[in-house]
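Asker: Test case, fold it:
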Amino acid sequence: MKISIKMRLAVAMLLLGCLLSLVGILGLTGMSSSNDANRETYSNKLPRATYIGDSEIVLTRQRASLLRGALDPGAPDIDSIISKSHGFATQSQALWAKYLALPRSPEEDQLTQQVIKTRAAMDNGLD
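Answerer: Numbering: from 1, shown residues only. Coordinates of the predicted model:
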């Protein structure tokens, strides 16, 4: 039985069409998962890291201002230094509250509870 050239061409085109469809579907699936990962990063993980980092920076500024006051307790502007440190503490607490308002996984929540205890002890020490 001899297969005609038209039949061979039709089978080849059918095979190429199936391969093209498969590659297209896999590409669309990959792009969708990539977009989901980007959305997760920018809507969930990046704000968390930003709030935690900003809170830490403000806490460092508070500690630096208190260190400045501790180095010269008789400075004429000691009340201003202490006032600034309280402002930094308030700012840090506001940023930390924004982080706490975000949803967390159970593992992250356990870590957050440990950090809350540590932060409370540090706040008491700074006060």
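
Asker: Relative to Asn38, how far out is Leu26?
Answerer: Distance of Leu26 to Asn38, computed by CB to CB, to the nearest Å: 19 Å. For the C-beta atoms, the positions are set from N, CA and C on the backbone; glycine is no exception.

Asker: Run through this protein and note the low-pLDDT ranges.
Answerer: Regions of the chain meeting the criterion pLDDT under 70 cover residues 1.

Asker: Leu100: which element?
Answerer: With elements delineated by DSSP states H and E, Leu100 resides in helix 78-101, which encompasses its position.

Asker: Correction: the previous question concerned Ile3.
Answerer: When secondary structure is defined by DSSP H and E, Ile3 falls outside every helix and strand.

Asker: What number of residues are in the vicinity of it?
Answerer: As a burial measure, Ile3 scores 8 neighbours (other CB atoms under 10 Å).

Asker: and if you look at the one 4 residues further on?
Answerer: By other CB under 10 Å, 10 other residues sit near Met7.

Asker: same question, Tyr99
Answerer: Around Tyr99 sit 19 other residues, with neighbours defined as other CB under 10 Å.

Asker: do you know how far it is from Ala121?
Answerer: With the distance defined as CB to CB, Tyr99 ends up 18 Å from Ala121.

Asker: same question, Phe88
Answerer: Here the criterion is CB to CB. By it, Phe88 lies 18 Å from Ala121.

Asker: neighbour count winner among these two?
Answerer: Counting neighbours by other CB under 10 Å for Phe88 and for Ala121 shows that Phe88 has the greater number, 21 against 10.

Asker: residue contacts, the more buried one?
Answerer: Each residue near Phe88 by CB atoms under 8 Å, 6 or more residues apart in numbering is listed here: Val58, Leu59, Arg61, Gln62, Ser65.

Asker: which one is Arg104 nearest to, not counting chain neighbours?
Answerer: Using CB to CB, 6 or more residues apart in numbering and skipping residues adjacent in sequence, the residue nearest Arg104 is Thr112, 6.1 Å away.

Asker: want to throw the contacts of Phe88 into JSON lines with secondary structure?
Answerer: Conversion of these to JSON lines gives the following (DSSP: H, G, I helix; E, B strand; the rest coil):
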{"residue": "Val58", "secondary structure": "helix"}
{"residue": "Leu59", "secondary structure": "helix"}
{"residue": "Arg61", "secondary structure": "helix"}
{"residue": "Gln62", "secondary structure": "helix"}
{"residue": "Ser65", "secondary structure": "helix"}
